[in-house]
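J.: what follows is a protein structure lacking sequence information:
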């Protein structure tokens, strides 16, 4: 059992490889509905807004402003951690390769192909003309890069985000699936999955508490919450008022699933220079 994140260029066969791989391994292919269900559970307003990213449409100014809001950023990461903790999952894109980059048990793949190959695939699969395929690829690539940079301040092309970059220039779906199957076998051999599940559930709890603190006290990026496998959450960062620091601890302690709160939030110190 493994946790797989697949990022892909449109027209690279990434979607076809992911679907076939999930079916043959009997893994859950995590998609829009799964994100939407957890979003609805955590925050109905967030569920409404997340539909934009789930349809992979370009975001307008309002949506970009929304996703730069720390409280919703925390909720989004909580969703990714929760979905990954279910194991036997393949998460298609959605920034999961970035959110999960520090989890060694997650196998992060990027599927790419040269432009002319991507055009050929779109022409064959969707009956597009060459010009339409080129324009579709250009717009899609541009919007996805902008979205990832806006939300995560990362470039989806950065090689450090992946364990494998699979170039399908001279491959078909079957070849891609076979290569990933073998790689997943090695990930399972090398990495303890049970530990990953506990860690991911702890991280998800931490992000949920982080979102609640940001929602009830101050929508600031200066507070971070780390969750542990035993229900302990550690509060870190800075708040300007002592009352806010105390309140943050109360909010965290009241959150379902929290067993212990370690409060390391420090008072903000204003330094005046010249």
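T.: It's in. Note that the structure is predicted; figures quoted are calculated from it, not measured.

J.: would you mind listing the buried residues in stretch 81-91?
T.: Neighbour-count burial for stretch 81-91, counted by 16 or more other C-beta atoms under 10 Å, picks out 81, 82, 83, 84, 85, 87, 89, 90, 91. Yep, even glycine has a C-beta here, placed from its N, CA and C like the rest.

J.: in which helix or strand would I find the third one?
T.: It refers to residue 83. helix 70-84 (DSSP states H and E).

J.: which other helices and strands contact that helix?
T.: helix 32-42, helix 44-54, helix 61-67, strand 89-92, helix 96-99, helix 193-216 (3 or more C-beta pairs under 8 Å, 6 or more residues apart in numbering; DSSP states H and E).

J.: where does residue 7 sit: helix, strand or coil?
T.: strand (DSSP: H, G, I helix; E, B strand; the rest coil).

J.: what is the least confident helix or strand in the protein?
T.: helix 61-67 (a mean of 57; mean pLDDT, DSSP states H and E).

J.: how about the buried residues of stretch 81-91 in JSON lines, adding pLDDT and distance to residue 118?
T.: Converted to JSON lines, those look like this (pLDDT from 0 to 100; distance: C-beta to C-beta, whole Å):
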{"residue": "81", "pLDDT": "96", "distance to residue 118": "31"}
{"residue": "82", "pLDDT": "95", "distance to residue 118": "32"}
{"residue": "83", "pLDDT": "95", "distance to residue 118": "28"}
{"residue": "84", "pLDDT": "95", "distance to residue 118": "28"}
{"residue": "85", "pLDDT": "93", "distance to residue 118": "33"}
{"residue": "87", "pLDDT": "86", "distance to residue 118": "32"}
{"residue": "89", "pLDDT": "96", "distance to residue 118": "26"}
{"residue": "90", "pLDDT": "97", "distance to residue 118": "21"}
{"residue": "91", "pLDDT": "95", "distance to residue 118": "22"}
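
J.: list just the nearest of those residues to residue 201.
T.: residue 85 (4.9 Å; C-beta to C-beta).

J.: ok, the closest one - contacts?
T.: 196, 197, 200, 201, 204 (C-beta atoms under 8 Å, 6 or more residues apart in numbering).

J.: ok, the last one - contacts?
T.: For residue 204, the contacting residues are 78, 79, 81, 82, 85, 227, taking C-beta under 8 Å, 6+ apart as the criterion.

J.: residue 225: which element?
T.: Residue 225 belongs to strand 223-227, assigned by DSSP H and E.

J.: mind putting the helices and strands packed on helix 70-84 into JSON lines with distance to residue 246?
T.: Formatted as JSON lines, those follow (distance: least, C-beta to C-beta, whole Å):
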{"stretch": "helix 32-42", "distance to residue 246": "25"}
{"stretch": "helix 44-54", "distance to residue 246": "27"}
{"stretch": "helix 61-67", "distance to residue 246": "30"}
{"stretch": "strand 89-92", "distance to residue 246": "38"}
{"stretch": "helix 96-99", "distance to residue 246": "30"}
{"stretch": "helix 193-216", "distance to residue 246": "12"}
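
J.: for residue 24, find the nearest of these.
T.: Closest approach to residue 24 among the helices and strands packed on helix 70-84 (C-beta to C-beta): strand 89-92, 11.0 Å.

J.: so which residue is dead centre in the protein?
T.: Nearest to the mean C-alpha position of the chain, by C-alpha atoms, centre = their mean, lies residue 96 at 2.7 Å.

J.: if we can go back for a sec, partner strands of the strand holding residue 225, parallel or antiparallel?
T.: Strand pairing for strand 223-227, determined by DSSP bridges: strand 232-239 (antiparallel).
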